[in-house]
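Engineer: A predicted structure for the sequence below; I have some questions about it.
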Amino acid sequence: KLEEYNLPNPEAAFDIDFFRSNPAVFYQLCRKLWPGQYEPTLTHRFISLLHKKGLLLRCYTQNVDSLETQAGIPKDKLVAAHGNFDSASCIETGVKVPINEVKKACYKGYSAWMDLNYKYGGLVKPDIV
């Protein structure tokens, strides 16, 4: 499915230099990946149950989909190796940006994410790598 983005290679979708030069691709991809479109699996729910029973020390994930958070695993128990959609930042200033603002801008398109760029001093993205 990545063919529709005309990427030089699949990794470019998450490459920070590619994002700087062509942020539209990342924002389009974010719309498809944004949490709320998919449900946590039985495995996510099992890990959440471990937490509720006081048995979970930590949950490590390489996924960026935030399904662990959606399943009820608290942020202090979660180590998201590649980040996730729970937070966002300006890549130039490091300023934290409310994730709901980023979501709205991703769905509204070019002028909305350019407004975020102006407001926060640079391109803004969810904290995923």
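Structural biologist: Cool, the structure landed.
Engineer: from now on I want contacts and neighbour counts done on CA atoms only, so please keep to that.
Structural biologist: OK.
Engineer: show me which helix or strand of this protein is least confident by mean pLDDT.
Structural biologist: One helix or strand of the chain scores below all others by mean pLDDT, DSSP states H and E: helix 23-33, with a mean of 88.
Engineer: give the other helices and strands that it contacts.
Structural biologist: Here helix 23-33 touches helix 99-108, going by 3 or more CA pairs under 8 Å, 6 or more residues apart in numbering; DSSP states H and E.
Engineer: against residue 123, how distant is residue 17?
Structural biologist: Look at residue 17 and residue 123: by CA to CA, to the nearest Å, they are 12 Å apart.
Engineer: of these two, which one has the most company?
Structural biologist: residue 123 (20 against 11; other CA atoms under 10 Å).
Engineer: phi, psi for the more buried one please.
Structural biologist: Main-chain dihedrals, residue 123, degrees, to the nearest 10: phi -60, psi 140.
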